[in-house]
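# Got a predicted structure plus its sequence, pasted below:
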Amino acid sequence: MVRLEEHKHRTENKSIEKSQLPSKVFIPILQHLGKPLDIIKVKAGDEVKRGTLLATSDKGLFAPVHASISGKVTSIADHPHPVSGSCRAIAIESDGKDEACAEMAARSDQEAQDITEDGLRKIVFEAGIVGLGGATFPTHIKLSPSKPIEDFILNGAECEPYLTCDYRLMVEKADEIIKGMKLVTKILKPRSCYIAIEDNKPEAIKLMRERARMFNWEVVVLESAYPQGGEKQIIKSCIGKEVPSGKLPFDIGVVVQNVATVYAIYEAVYLRKPLYERVVTVSGGCLANPKNLLARIGTPVKDLIDQCGPLLKEPKKIVMGGPMMGIAQFTIDGPVVKGTSGVILLDEVEEREEQETFCIRCGECVQNCPMGLNPSLIAMAIAKDKLELAEEYGIMDCLECGLCAYLCPARRNIVQAIKSAKVRIRNAKK
């Protein structure tokens, strides 16, 4: 792992602000790891309220989506998507009232505590909760492991530069996160529970330690390094266990959940609130007023940028997510989705464009790969269109953390090649 320049100073001490109510939202039917939703519950002209179920499915890996504002459905059509490029989205024009569904009535502590494990899983599913650290794996499936769970880890590392949304949640919503963690542990019944936080977040460490003490949960302070927050990396750093190649954490009796995901579970259970908004860090050297915004899902990115302006200079690149694992955007018309942790506007100093040259066999990518791979060999196999050889070299174990490209003195686009090849490999196996 590598210590990166963090760039968190712009927003780490800024409290979470509610973003302005968008005049129109675009809710994609793909906001989870899996296939797009195929059961659309609304049509153009329908009136909806905040929390209304918009789309779902009846099979496969999926999580339903909900309206984030009240108003009228104006269209269901293709729209720019921050990850897939384009996707069908349900457009809703706000009526300015922001009315919530009648079902969204808060539960008392006792009512929440009386819900069974299966009842909690059902609530998490119906709320459309996915992993909010970026992976967007449907949470109800993660809470239904096929093997007994020995260790649960609450992931508060947030190792990506610029991002501070998880940190601000831990500082401002510590009690609610602990309540959410109690719900998760009720479902999983782990023997041990850990809260993992990097050492550059002392206030969060203090607050979580105070609250975890009564449950005998351990707060593990990790070295601030990248990619410390990766699921397999945090398991090894926190409890010393390694996830074998081709396996998942539950195969070794471990479940990891991001703090924002656990907070969403709290809201779903205690507030009967579907996942229709999340905290997004909007930052970068181009912005006069970078912020942590509580943004409605479906809000056009340009709306968030306007709320953090004015622009000090034109951005060289706009990235959704963190600068290491995020995706560069071709338009600012795309919406905030469930996996959007950040919107980063990079200037010419932060985004250095350099010419790609030949591999010089320096070994930097091999020495620093957190998965123990040889990225240069994988990239060469891809260049020769030998995808079976790339698989033998372990391409499917790649975390896509981007360290290989970041550290490469030849500026080779290794991680981009790997991402593209992995898509081709998966498509060939369908």
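Arrived safely. Being a predicted model, the structure only gives us computed values, none of them experimental.
# Tell me if I am right that residue 406 is in a strand.
No: applying DSSP: H, G, I helix; E, B strand; the rest coil, one finds residue 406 to be helix, outside a strand.
# Identify the residues contacting it.
If a contact means CB atoms under 8 Å, 6 or more residues apart in numbering, then residue 406 has 2, 4, 324 as its contacts. Placement of C-beta: from N, CA and C, glycine included.
# what about this structure, any weak spots by pLDDT?
Scanning the chain with the threshold set as pLDDT under 70 gives 430.
# Quick check: nearest residue in space to the residue located most distally from the centre of the chain, chain neighbours excluded?
Going by CA atoms, centre = their mean, the residue of the chain most distant from its centre is residue 360, 34.5 Å out. Nearest non-adjacent residue to residue 360, counting by CB to CB, 6 or more residues apart in numbering: residue 410, 5.5 Å away.
# Could you do residue 51 as well?
Nearest non-adjacent residue to residue 51, counting by CB to CB, 6+ apart: residue 101, 3.9 Å away.
# In contact with that neighbour, which residues?
49-52.
# Mind picking the two most distant members of the residues you listed?
Spatial extent of these (CB to CB) is set by the pair 50 and 52 at 7.3 Å.
# hey, what's in contact with both of these two?
Shared contacts of residue 50 and residue 52, defined by CB under 8 Å, 6+ apart, are found at 67, 101.
# Which elements pack onto whichever strand or helix holds residue 236?
If you go by DSSP states H and E, residue 236 is part of helix 231-239. Here helix 231-239 touches strand 151-156, strand 192-198, strand 218-222, strand 254-258, going by 3 or more CB pairs under 8 Å, 6 or more residues apart in numbering; DSSP states H and E.
# Reformat those as a markdown table; add mean neighbour count and distance to residue 394.
Below are the helices and strands packed on helix 231-239 laid out as a markdown table (neighbours: other CB atoms under 10 Å; distance: least, CB to CB, whole Å):
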| stretch | mean neighbour count | distance to residue 394 |
| --- | --- | --- |
| strand 151-156 | 26 | 24 |
| strand 192-198 | 22 | 26 |
| strand 218-222 | 18 | 25 |
| strand 254-258 | 24 | 21 |
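# could you dump those strands to a markdown table with distance to residue 380?
Shown next, in a markdown table, are these (distance: least, CB to CB, whole Å):
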| stretch | distance to residue 380 |
| --- | --- |
| strand 151-156 | 34 |
| strand 192-198 | 34 |
| strand 218-222 | 34 |
| strand 254-258 | 33 |
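# Other residues contacting the helix holding residue 236?
Residues from elsewhere that reach helix 231-239 (CB under 8 Å, 6+ apart): 1, 135, 151, 153, 155, 157, 192, 194, 196, 220, 222-223, 227-228, 241-243, 249, 252, 254, 256, 370-371, 399.
# for the residue nearest to residue 360, what are its contacts?
By CB under 8 Å, 6+ apart, the contact set of residue 410 is 356-360, 362.
# now do 10 Å
354-362, 364-365, 376 (CB atoms under 10 Å, 6 or more residues apart in numbering).
# Ignoring the adjacent residues along the chain, who's closest to residue 286?
Closest to residue 286 by CB to CB, 6+ apart is residue 345, at 4.0 Å.
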